[in-house]
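Participant: Fold the stuff below for me.
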Amino acid sequence: MTISVSVRQVVGPQDAARRDTQGLRDGFVIEALFRPGEINLTYSHLDRMVVGGIAPLSEALVIDRVPETGTEQFLERREAAIVNIGGSGTISVGGKDHTLGFQEAIYIGMGEGPLAFSSRNPAEPALFYFLSAPAHRVCPTVHITREMAKKVVLGSAEESNARTINQYVHPDVCESCQLLVGLTMFEPGSVWNTMPAHVHDRRMEVYLYFGMQEATRIFHFMGEPGETRHVVLKNHEAVLSPGWSIHSGAGTGRYAFIWAMAGDNMSFTDMDKVPMDALR
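Facilitator: Coordinates of the predicted model:
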């Protein structure tokens, strides 16, 4: 079995401002995340975050040693969080099986050893969205349902951004070293996410957009507030966001997204809001 790993180096705001569309995509967008029967990982130098898609079919897929981390086992000095956005599937952690349904998650602590991923029905495979960051202590492994998630309601229908943030990996739900992970759902007719925009120089973030029709697109905005750019994303595409960049978007139809952060602290509200008149 082969694990595909793509390495993304850090880029600065001046570099990003000079890039054309393909250059922005090469640096920040993760395409073809879920490949049937494969493990597909992207190792980002932004806080050493690993972003992956795992889509098992009839055979289990295993993450054990990934040479890019320089350790004997992937989780030797790392923690991980996984959200299933496909059919029912099972993750084996330390010899214990955890079955994840649609939009259920699991946090996995440092040092848990190999991870095995399987789908209950290969005709309706699980789609495991995988996130990992360096860790400095062991935290308990926790299976997280949507009912367990901390819910934060934001926005309004009048501003086209009425949404509920389901905080999965969060200090009020489970312990972690630096990972914060959640899932944002929108009310019908609301299309804007993370607007008004913000930045948080102390943490990086990554968005995965999903739950979209084939023709639906997200116009995702990025860049420094005074030098914004955008990329157009389709279903199951992810985008990396450095601490200096805004991260906001609008969809042409219904969508949801999973956000994940890693960095200096665990405060979800640690952000620097950007006034609308500062955007260019």
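Participant: When you work out contacts or count neighbours from here on, use the C-alpha atoms and nothing else.
Facilitator: Will do.
Participant: residues in contact with Thr21?
Facilitator: When contacts are counted by CA atoms under 8 Å, 6 or more residues apart in numbering, Thr21 touches Val231.
Participant: Check the protein for its longest helix and report it.
Facilitator: Longest helix of the chain, by residue count under DSSP state H: helix 21-28.
Participant: helices or strands next to whichever helix or strand comes after that one in the packing?
Facilitator: Moving toward the C-terminus from helix 21-28, the next helix or strand (DSSP states H and E) is strand 29-30. Applying 3 or more CA pairs under 8 Å, 6 or more residues apart in numbering; DSSP states H and E, we find strand 29-30 packed against strand 237-241.
Participant: Next secondary structure element downstream of the strand it packs on?
Facilitator: Toward the C-terminus, strand 237-241 is succeeded by strand 248-251 as the next helix or strand (DSSP H and E).
Participant: now the helices: where do they sit in this structure?
Facilitator: Using DSSP H, helices in the chain cover 13-18, 21-28.
Participant: number of nearby residues for Gln14?
Facilitator: 11 (other CA atoms under 10 Å).
Participant: actually Arg280, sorry about that
Facilitator: Neighbour count for Arg280, taken as other CA under 10 Å: 11.
Participant: can you pull the contacts of the residue nearest to it when sequence neighbours are not counted?
Facilitator: Spatially, and ignoring its direct neighbours in sequence, Arg280 is nearest to Gly226 (4.7 Å; CA to CA, 6 or more residues apart in numbering). By CA under 8 Å, 6+ apart, Gly226 lies in contact with 278-280.
Participant: do that again at 10 Å, thanks
Facilitator: Neighbouring residues of Gly226 by CA atoms under 10 Å, 6 or more residues apart in numbering: 274, 277-280.
Participant: Closest one of those to Gly89?
Facilitator: Val274 (40.1 Å; CA to CA).
Participant: buried stuff in the longest helix of the chain?
Facilitator: Of the residues in helix 21-28, 24-25, 27-28 count as buried by neighbour count, 16 or more other CA atoms under 10 Å.
Participant: Could you tell me the per-residue confidence at the residue nearest to Glu227 when sequence neighbours are not counted?
Facilitator: With CA to CA, 6+ apart as the criterion, Glu227 has its nearest non-adjacent residue at 5.7 Å, and that residue is Arg280. According to the prediction, Arg280 has pLDDT 95.
Participant: that older thread, what distance do you get for the residue nearest to Arg280 to Ala278?
Facilitator: Gly226 sits 6 Å away from Ala278, going by CA to CA, to the nearest Å.
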